[in-house]
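Participant: here is my input; please provide its structure:
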Amino acid sequence: MEAERTVLLENSKLKLTKEELERQETEIEAARVRYERLEEEMKEATARLVSQASRIEELKLRVRDRDHEIDAVWHALRLKEGEVEKMRVELEVKSKEAVAFESELREKGRLLDEANEVLKKQETELEELKRAVREKEEEIEVFLVQREVEREKLRVSEANLEKQAMDWLLAQEELKRLGEDAARHAEESSETLDDFRRVKKLLNDVRSELVSSQQALASSRSKMEEQERLLEQQLSDLGEQRASVMSYMENLKDAQTEVESERTKLRVAEVRNKELERDLKMEKELISELEEELKKERTSLEQAIKEMALLKEELKRKSDEFRETSAILQVKESELVDAKLEIQRLKSEKASLQGILEEKDLELSNARKKLEEVNQEISDLKMLMNSKESQLIEATNMLREKDEHVKIIENKLNDTNQKAFAAESVVERILDLTNKLVSSIKDEDINSSRPLKDEMGNQLLEELMVEPTNESRWQQKRLENELELAKETLKEKEMEVLAAQRVLTIKDEELKMTLARLDAKEVELKKVREEVTEDSNDLKRLYALAQERIGDKSLGDLAIEKLQLEAAQLEVEAATDALQKLADMSRQLMNKAIQSVEADSYISVVQSNDDKNPDSITDINDSVCFTEVKARVARLSALTEQLVMDAGIVAAN
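Facilitator: Residues are numbered from 1 along each chain as shown. Predicted structure coming up:
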């Protein structure tokens, strides 16, 4: 029932998904229409941009022509002004160069003097370093000679020690006499070793000093070489500077000669200047005329500049319009691209939703098949439970009949016991009378009538003894027959109990198989519940996607869809909880049924080995077990109905 409700919910969800797909198709169609409209607008904007671009190009050409004309006029004016300025600038530059050249010569002379002083100082330092190096070399030679002398002394002392050791080894016979000599030689050898150590230490010191002096010599040599190299470089620089100074002096002399020649030329030019003053007046008049023409040209130039400014303003305005139009065009293009992307995204979402819809259809068909299988298995289980219940009722009826038979046998046994008790009481009474009679016979005197009395007493006693003995034998035989019958009935009851035990073991196996099937069904129900939870999660994701996709829906529609989704989720959770509770109750019922069957089988086995009222106890336990099973089944059915009512599931049957 819960699965049917789940299937119905899935159907409703699939319908909602289909409606969502239809709505998306309408959105795709609207997006396509918007895309076509944007394309038309883009075409119009492109045409406007082309016309504006052509107008802007014309304006740019006009502005460029005006610029060229103005630049030509300005260029001519600037050339005329620039020639005079250029001559003045050249004169100033030449004077500055002469001053700078003279200061540079002074600076170079000073640097040469300083360099000479530095060279002298370096030469003195080099001489001192050479003298120090020579002194170090002499000291090193002295150290080397001393080291050779010390080595020779060491070799001599080692030879003496070896000789003394050989003499000591060869002179063992003269041990006492040579002991003092050996001690003396040992003292001398120790002194020699001390001298050797001192000499060695001195040699090490001399060696270290020699190494350090060599290093110092090498460093001083490298320094000297570096200083010599620097000195040579400075000398070469000095020679170059001297050569440059000489060349500068020669150039200066040449310049002086040129100045003298220029002075002579200046005198000649002054003479010619007087001659040219007359020409200058005429040129001034011509210049005034030219200035008038320049004024006219300047006014025309200013007019052209104003026109160019107006053209630039118009060009700027057109450029702004062009930029605005191009910006609008870019916006339209971006909107067009967004529309394309939106259409592609909607198509992909549609394809994904169609795939999800097909998967859901497939899952729904599988769930329906599983539901049919579960319903079939439930009907099989119901039929099996009905057959088991009928078998249980038959077994209880048989047990009741056997219980009645046992009660009849018990009544017969009670009657037999009462008769045996009455016979025992009669025998006891006869024995009492016999004892009394014997005692009375012993107390009487022996008389003549004794034989008669004895005969009468014996006859009476025999009669009394014969009668009870016959009756007791008959009762004993009857009791033995009844006991045999009771034993036979007990054997039959025991066989029946064993058969009932076998039947109970078979039922136990069937119950275990049923329990295993219920476990399998429980696993399947868990899987179904997991699938339902996954479906709910998928629906949540679809709802989230729908929320992201639908931006223009009203809040009311979204709230209604959210409430519908929450209601569907609550129904799914209620259905899964109901299925879980049904599975748990079925498991508890099976466990209790197995425990009750095991307890009944154990009680039956114990009762088969017990001799005191076995059938009555078996009947009582069987009836109690049957009533307990019926009560549990009734309670389970009531709980199942209550769960179904709580979950809101309508029974299929």
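
Participant: so what pLDDT did the residue lying closest to residue 332 once chain neighbours are set aside get?
Facilitator: Once flanking residues are discounted, residue 332 sits nearest to residue 42: 5.0 Å by C-beta to C-beta, 6 or more residues apart in numbering. C-beta coordinates here come from the backbone N, C-alpha and C atoms, glycine included. At residue 42, the pLDDT value in this model is 72.

Participant: what's the local residue count around residue 72?
Facilitator: Residue 72 has 10 neighbouring residues, counting by other C-beta atoms under 10 Å.

Participant: name the helix or strand for it, please.
Facilitator: Using DSSP states H and E, residue 72 maps to helix 2-170.

Participant: now swap in residue 403 and tell me
Facilitator: Using DSSP H and E, residue 403 sits in helix 175-443.

Participant: can you give me the mean pLDDT across that helix?
Facilitator: What helix 175-443 shows for mean pLDDT is 66.

Participant: does residue 319 touch residue 57 like I think?
Facilitator: No: using C-beta atoms under 8 Å, residue 319 is not in contact with residue 57, being 11.5 Å away.

Participant: so between those two, which is more surrounded?
Facilitator: Taking other C-beta under 10 Å, residue 319 and residue 57 do not tie; residue 319 has more neighbours (15 against 10).

Participant: for that one, which non-adjacent residue is spatially closest?
Facilitator: Closest residue in space to residue 319, ignoring its immediate chain neighbours: residue 56 at 6.6 Å, by C-beta to C-beta, 6+ apart.

Participant: in contact with the one you found, which residues?
Facilitator: Residue 56 makes contacts with 315, 318, 319, 322, as judged by C-beta atoms under 8 Å, 6 or more residues apart in numbering.

Participant: and which of those is nearest residue 301?
Facilitator: Closest approach to residue 301 among these (C-beta to C-beta): residue 315, at 20.0 Å.

Participant: quick one, what contacts the closest one?
Facilitator: Residue 315 sits next to 56, 59, 60, 63 when contact means C-beta under 8 Å, 6+ apart.

Participant: against residue 297, how distant is it?
Facilitator: Plainly put, residue 315 is 25 Å away from residue 297 if you go by C-beta to C-beta, to the nearest Å.

Participant: same question for residue 79.
Facilitator: According to C-beta to C-beta, residue 79 stands 14 Å off from residue 297.

Participant: can you check residue 316 too?
Facilitator: Here the criterion is C-beta to C-beta. By it, residue 316 lies 28 Å from residue 297.

Participant: next: residue 410.
Facilitator: From residue 410 across to residue 297, the span is 158 Å (C-beta to C-beta).

Participant: same check on residue 25?
Facilitator: 76 Å.

Participant: any idea of the pLDDT on residue 144?
Facilitator: pLDDT, residue 144: 63.

Participant: in the stretch 501-650 of the chain, where is pLDDT below threshold?
Facilitator: Scanning the stretch 501-650 of the chain for pLDDT under 70 picks out 501, 504, 507-508, 510-511, 514-515, 517-518, 521-522, 524-526, 528-529, 531-650.

Participant: try 50 this time
Facilitator: Across the stretch 501-650 of the chain, the ranges flagged by pLDDT under 50 are 550-556, 558-559, 597, 600-622, 647-650.

Participant: give me the domain ranges for this protein.
Facilitator: The chain is divided into the following domains under the TED database: 16-174+200-373, 483-551, 555-598+622-647.

Participant: before we move on, back to that, list just the nearest of the contacts of residue 315 to residue 523.
Facilitator: For the contacts of residue 315, the nearest to residue 523 is residue 56 (79.2 Å; C-beta to C-beta).

Participant: measure the closest one to residue 317 for me?
Facilitator: In terms of C-beta to C-beta, residue 56 sits 10 Å off from residue 317.
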